[in-house]
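Asks: Take this sequence and fold it.
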Amino acid sequence: MKINGTNVKDADGKVVVKITKADVRKGSLKSSKSCAAAQALCRQEHCEEARVHFSRAYIKRDGKWLRFGVPMALRNEIMAFDRGGKFEPGEYVLAPVQPTVRLDANRKHSGVPDKRKGKHRSKGIRKRAYHVVSGVRARMMADWE
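Replies: The predicted model follows:
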């Protein structure tokens, strides 16, 4: 995976980001590059650039992007902030992504045969509507390669 031609690597350690009132004041609504969390990461981690989305955060250091998971508390603050609400300053832990969604994870099945093969188990069951959150920043796939 690449962002603007630069390689992305999954982070191996945690980062505790301390978002201050000054970061909140400088932060921009609906912007993954200049929101309060991105401002705090750039200040604290001395990185070239930071992008914070709902489920992932990216920090660019030494010409490489590091990918972290975003905790639910920070996700909720981002959503409230993007909709014009208040962002509550505090400490949030960005953790490495789960092993099943790492970039180097083996996507193939483990070799166990699928018992449902050829069967349509969803017959007669209606699909639920997919909920799209509105009034918040754009999806993160916009500038990926």
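
Asks: Assign Arg137 to helix, strand or coil.
Replies: Using DSSP: H, G, I helix; E, B strand; the rest coil, the structure places Arg137 in coil.

Asks: typo on my end, it should be Ala22
Replies: Relying on three-state DSSP, one would call Ala22 helix.

Asks: roughly how far apart are it and Ala38?
Replies: For Ala22, the distance to Ala38 (Cβ to Cβ, to the nearest Å) stands at 14 Å. Every C-beta, even on glycine, is put in place using the N, C-alpha and C of the backbone.

Asks: For those two, indicate the residue with more neighbours.
Replies: Using other Cβ atoms under 10 Å, the more surrounded residue of Ala22 and Ala38 is Ala38, with 28 against 13.

Asks: Could you look up the SS state of the closest residue in space to that one that isn't next to it in sequence?
Replies: Spatial nearest neighbour of Ala38, excluding adjacent residues (Cβ to Cβ, 6 or more residues apart in numbering): Ala50 at 4.3 Å. Assigned with three-state DSSP, Ala50 falls in the strand class.
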